[in-house]
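In: Requesting a structural model of the entry that follows:
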Amino acid sequence: ERKKKDFLQSFRRGVRSMRILSEHKVNGIVGYKEAAEIPAFVVMDWIDGPNLDKAVKSKLIDSWDLILKTSCELAKIIENAHRLPERVLHRDLRPPNIMLQNYYPGSSSLNVVILDFDLSWHLGAFEKSMLPTGASSGYLAPEQIHEIANVSTRHATVDSYGLGMTLFFMMSRRDPIPEESQHRDWEKELYNIASRIKSSMWYSIPNRYARLILNSTKYKQAERWDVNQIRAELDRLYDSITDPNKVASAELLAEEVIARTGTSFNYDWNSDKLCATITLPKGAKLCVLGDESKRRLCLNINWVSRGGKGIFKWLDTRRSKISSLLKNSKWDIDVISTSGQSLNITAYLKLDVAKDDIDLISSNISSILDELKFE
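Out: A predicted model of the protein is given here:
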């Protein structure tokens, strides 16, 4: 009897959430008509099309442009619901609860519609939630599964977690394992899966998408990205493949320049400094940083000898070749010096110049990296 009572309370809260969203005319929410409790039912608009689960598993969504378009629409809907005065949280984001209206093989339109608000919450709601079970629990935030001291399940980043795991599903085509984000190899798994979907338009998308999921599914609420951050990053990534001329972010371009240098060079991304760094076996480091305030890229090259004979006499030759490569792609060299057995170079490139010939810039950086191998 108690379980029936809890289900009824969840049903009531879900109906109120749908009514609130309908009254505010939030796009992307299934249209609410009416509801009754005896028997319990809700009358909603009919949504013609597959749900996200079926669409992804049948490979209707299998490229970065479709993954990003769907992700952008989904994030925007959730963000708009959060911004209402009643602050509606869905709290059960997962593929079966997301419909793709009128989307079938060969369709040119894709409209995301969100269903099922039985687990939702809004200001003024007090009822206890009934949690789903089974495979879907992989989409639930840790605080929804376990009681965690001083952590609320009525926090907006609960939806960040569900959204992040839904993005994971779209690129992996599998449901996440419950609490998979706490697994030791979670980060490695994200990058490996994302790298299987190649991007010929914007090379850094797989890494950035994987990093976005990582930041959305942090165990600690305070460390998770909010939906606004997720939506903003998704919009930037979608713009980068639909219209690269729209790219206005220095840090986005900085990572792209390094990503295009070739698969033989693995780079590390520093989210605090907004820079991509490649470290070569002999100790040379090349870093490209995005300076948003000055709308430019900053390149730093640093190498200090670990010992060896005859290095100094050909270090000047390497410096000269690197200088020529930088000038060829219009970098303004600020510092270039060899001191003893070390090399230091700092150069700047205006963002608009970088956007005009990104392939040449990346090709020249690849050649610079060859010069820095010191083999």
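In: May I have the predicted confidence score for Met130?
Out: Taken from the predicted model, the pLDDT recorded for Met130 is 54.
In: go on, Gly134?
Out: pLDDT at Gly134 comes out at 52.
In: Also the one 3 residues further on?
Out: At Ser137 the predicted local confidence, pLDDT, stands at 86.
In: Verify the assumption that it is located in a strand.
Out: No - Ser137 sits outside any strand when classified using DSSP: H, G, I helix; E, B strand; the rest coil, being helix.
In: Need phi/psi at the nearest residue to it once chain neighbours are set aside.
Out: Counting by CB to CB, 6 or more residues apart in numbering, Pro178 is the residue found nearest to Ser137 once chain neighbours are left out, at 4.7 Å. Yep, even glycine has a C-beta here, placed from its N, CA and C like the rest. Dihedral angles of Pro178 (phi, psi; degrees, to the nearest 10) stand at phi -50, psi 130.
In: Equivalent analysis for Asp334, please.
Out: Backbone torsions for Asp334, taken as degrees, to the nearest 10, come to phi -100, psi -40.
In: Next up, the contacts around the nearest residue in space to it that is not next to it in sequence.
Out: Beyond its immediate neighbours in the sequence, the residue positioned closest to Asp334 (CB to CB, 6+ apart) is Thr346, lying 4.6 Å away. Remark: with contacts taken as CB atoms under 8 Å, 6 or more residues apart in numbering, Thr346 is in contact with 298-301, 333-336.
In: could you redo the last one with a cut-off of 7 Å?
Out: Contacts were defined as CB atoms under 7 Å, 6 or more residues apart in numbering; by that measure Thr346 touches 300, 334-335.
In: Of the residues you listed, which is the most crowded?
Out: Within the contacts of Thr346, most neighbours by other CB atoms under 10 Å means Asn300, with 17 neighbours.
In: Next, the buried residues of the helix or strand hosting that one.
Out: Under DSSP states H and E, the secondary-structure element containing Asn300 is strand 296-304. Within strand 296-304, the residues that qualify as buried by neighbour count (16 or more other CB atoms under 10 Å) are 296-301, 303.
In: same check, this time on stretch 358-375
Out: Neighbour counts over stretch 358-375 (16+ other CB under 10 Å) mark 358, 361-369, 371-372, 374 as buried.
In: Stretch 260-271 now?
Out: Of the residues in stretch 260-271, those with enough neighbours to count as buried (16+ other CB under 10 Å) are 260-261, 265, 267, 269.
In: what's the span of it from first residue to last?
Out: Counting by CA to CA, to the nearest Å, the length from the leading to the trailing residue of stretch 260-271 is 19 Å.
In: average pLDDT across that stretch?
Out: Mean pLDDT, stretch 260-271: 83.
In: quick thing: my sequence starts at 3, can you match it?
Out: I'll keep to 3 as the first residue from here, and by that count the last item is stretch 262-273.
In: Check the offset of that stretch from the chain's centre.
Out: Relative to the chain's own centre, stretch 262-273 is displaced by 17 Å; criterion: CA atoms, centre = their mean, to the nearest Å.
In: contacts for it?
Out: Contacts to stretch 262-273, defined as CB under 7 Å, 6+ apart, come from residues 205, 209, 213, 257, 260, 278-280, 360-361, 364, 367-368, 371.
In: Which of the three states applies to the spatially closest residue to Trp204 that is not a sequence neighbour?
Out: Spatially, and ignoring its direct neighbours in sequence, Trp204 is nearest to Ser242 (4.2 Å; CB to CB, 6+ apart). Under the three-state scheme (three-state DSSP), the conformation of Ser242 reads as helix.
In: Could you give the number of residues near Ser242?
Out: Based on other CB under 10 Å, the number of other residues close to Ser242 is 25.
In: For Asp318, see how far away it is.
Out: The gap separating Ser242 from Asp318 is 39 Å, by CB to CB, to the nearest Å.
In: what residues does the helix or strand hosting Tyr193 touch?
Out: With the criterion set as DSSP H and E, the secondary-structure element containing Tyr193 is helix 188-197. Here helix 188-197 makes contact (CB under 7 Å, 6+ apart) with 173-174, 182, 208-209, 211-212, 215-216.
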